[in-house]
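heads up, no residue letters with this:
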């Protein structure tokens, strides 16, 4: 971040950052993802469904989120961020309300699928595009601050769900979660996500955008290295986070305490997002990413059999650092390595890798539990995935310089 100019950008755009933070936190990706963990055991007890079948719902939300991401990127460029975001926020709520009335797995999955499709415009493709296009000197910091919304949801939602379950059951809890997007995100986005009429994306003003075309990005080895690293990292983090609460309850930890440990991940996500955002404005981002991803590798190894509260808190905090940084890093690295000229389309495809991992991992982790009676093997696999994802990041190399790029490399060079 470039000193006073960066701080001035952040002060001038704080309302936009708040709108984006709430929007991404209550998106079709984040809200179902952080709700499913504390809902798993109550649904299992009520309807007798297997845990793997319950967690498979995330495949329909995050998985369809991956499929709709390229379309969302095109819609943002064509119609503007605000036009896409507002109806999508309502769509998230409608889908989860359908899921809350389910008596069969088909209806349950249909609700999560509807949330993903109708709420496609709430996913990080939109929020990161707005922020990347609206901030230049403090882009990393702005992304960290905007995307901190998912950290707040990770911190608060598990305990919120547990309280609602105890009061009125899992259906009541899911309906309570479903109301959050229209109650909180919709008014803030309506008021503060304003679009420059000369720029459909909602940022960039009159700047001449530079960067690779979608085809050029797909022919670059960097795109595939970045996508593979993000895929592995999100397989690990998604499988771990959604199954952490039931895993801890299986070890004899009470539901509220298990939710509190999950909340510790959310607490760590907040400084993780903000700190990493500020650091990558100054230091070579792939190096930062390598360190960030190695820490949760150690945490996953610890979690395979930990029961000591202090040990669990440390492990959850390390996981939170990764969960709090990877989404920001994907957005920042996409802008730095491929430019902003076709950012929405390129980011959407890279994000599809993230969403694929987020969609499949909860089901895979729960399947391992159903077959072995333990999550130990899953936590070990997660540790390996984190380590490989970390070692891939340095392969991205130096930041490129694009033709007519007068901004220069943000965050230094390798």
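That came through, no problem. If you're wondering where the values come from, they're calculated on a predicted model, not measured in any experiment.

And the contacts of stretch 359-373?
Stretch 359-373 is contacted from outside by 36, 40, 50-52, 54-56, 58-63, 65-66, 234-240, 242-243, 246-247, 374-375, 377-378, using CB atoms under 8 Å, 6 or more residues apart in numbering. To be clear about C-beta, it is placed using only N, CA and C from the backbone, and glycine gets the same treatment.

typo on my end, stretch 7-15
Here stretch 7-15 makes contact (CB under 8 Å, 6+ apart) with 1, 17, 134-138, 141-142, 145, 191-192.

repeat that for 6 Å
134-135, 137-138, 192 (CB atoms under 6 Å, 6 or more residues apart in numbering).

ok, now stretch 299-306?
Residues contacting stretch 299-306 (CB under 6 Å, 6+ apart): 312, 315, 318-319, 376, 379-380, 382-383.

Show me which residues of it are buried.
For stretch 299-306, a neighbour-count test (16 or more other CB atoms under 10 Å) marks 299-304, 306 as buried.

OK, contacts around the residue nearest the centre of the chain?
The centroid of the chain falls nearest to residue 327 when counting by CA atoms, centre = their mean (5.4 Å). Neighbour list for residue 327: 124, 147 [criterion: CB under 6 Å, 6+ apart].

on that earlier part again, in a markdown table, list the contacts of stretch 7-15 along with distance to residue 218.
A markdown table is the format used below for these (distance: CB to CB, whole Å):
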| residue | distance to residue 218 |
| --- | --- |
| 134 | 26 |
| 135 | 26 |
| 137 | 29 |
| 138 | 29 |
| 192 | 34 |
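
out of those residues, which are inside helices?
Here DSSP state H is the test, and the contacts of stretch 7-15 give 134, 192 as lying in helices.

Mark which of the contacts of stretch 7-15 are buried, thanks.
Here, 16+ other CB under 10 Å leaves 134-135, 137-138, 192 buried among these.

Check the gap between the residue nearest to the centre of the chain and residue 38 for me.
With distances taken as CB to CB, to the nearest Å, residue 327 is found 21 Å from residue 38.

same check, this time on residue 364
20 Å.

Looking only at neighbour counts, state which of those two leads.
residue 38 (30 against 19; other CB atoms under 10 Å).

check contacts around the closest residue to residue 291 other than its chain neighbours.
Once flanking residues are discounted, residue 291 sits nearest to residue 390: 7.8 Å by CB to CB, 6 or more residues apart in numbering. Residues near residue 390 by CB under 6 Å, 6+ apart: 290, 293-294.

In contact with the spatially closest residue to residue 266 that is not a sequence neighbour, which residues?
Closest residue to residue 266 apart from its sequence neighbours, by CB to CB, 6+ apart: residue 155 at 2.5 Å. For residue 155, the contacting residues are 263, 266-267, by CB under 6 Å, 6+ apart.

will you turn these into JSON lines that also has secondary structure and neighbour count?
Output for the contacts of residue 155, formatted as JSON lines (DSSP: H, G, I helix; E, B strand; the rest coil; neighbours: other CB atoms under 10 Å):
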{"residue": "263", "secondary structure": "helix", "neighbour count": "19"}
{"residue": "266", "secondary structure": "helix", "neighbour count": "24"}
{"residue": "267", "secondary structure": "helix", "neighbour count": "18"}
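
Nothing else from me, thank you.
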